[in-house]
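Enquirer: with the input below, show me the fold.
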Amino acid sequence: SQMVFRQQLPLRLAWAMSIHKSQGMSLDLCQVSLSNAFEYGQVYVALSRCRSFKGLRVIDFSRDAIQAHPAALKFHQYD
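Expert: Next up is the predicted model:
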């Protein structure tokens, strides 16, 4: 008789979507990567999708990714 071995890896189901796709959604748990944000206001949209800080995890934070539209800055007189 032959012996057969099986090795299992623990897997956790997960889903991913772009920041644009998440607009308008309210999510209980979010893991957000901000290193590749490239549009004005994109970081705000990403961070505001989660219903609570407890359910939010931010990875790859880059301060340089945070951008506001120049017209919005002018309206609020931030230079």
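
Enquirer: closest to the centroid, which residue in the chain?
Expert: Geometric centre of the chain, nearest residue: residue 32, 2.3 Å, by C-alpha atoms, centre = their mean.

Enquirer: strands of this protein, residue ranges please.
Expert: For the chain, strands defined by DSSP state E occupy the ranges 30-33, 56-59.

Enquirer: which of those is buried the deepest?
Expert: Each of the strands of the chain was scored by mean neighbour count; the highest is strand 30-33, a mean of 16, by mean count of other C-beta atoms under 10 Å. No exception for glycine: its C-beta is placed from N, CA and C like everyone else's.

Enquirer: that one: how far from the chain's middle?
Expert: For strand 30-33, the separation from the chain centroid amounts to 3 Å (computed by C-alpha atoms, centre = their mean, to the nearest Å).

Enquirer: surely residue 60 touches residue 35?
Expert: Yes. Using C-beta atoms under 8 Å, residue 60 is in contact with residue 35, at 3.6 Å.

Enquirer: what is the neighbour count of the closest residue to residue 40 other than its chain neighbours?
Expert: The shortest distance from residue 40 to any non-neighbouring residue, by C-beta to C-beta, 6 or more residues apart in numbering, is to residue 69 (4.1 Å). Residue 69 has 11 neighbouring residues, counting by other C-beta atoms under 10 Å.

Enquirer: also residue 44?
Expert: So residue 44, with other C-beta under 10 Å, has 14 neighbours.

Enquirer: same deal with residue 19?
Expert: There are 21 residues near residue 19, going by other C-beta under 10 Å.

Enquirer: next one: the one 3 residues further on
Expert: The burial count assigned to residue 22 is 17, neighbours taken as other C-beta under 10 Å.

Enquirer: pLDDT value on it, please?
Expert: Looking at residue 22, its pLDDT is 91.

Enquirer: list the contacts for it?
Expert: Counting by C-beta atoms under 8 Å, 6 or more residues apart in numbering, residue 22 touches 45-46, 49.

Enquirer: again, only this time at 10 Å
Expert: By C-beta atoms under 10 Å, 6 or more residues apart in numbering, residue 22 lies in contact with 30, 32, 45-46, 48-50.
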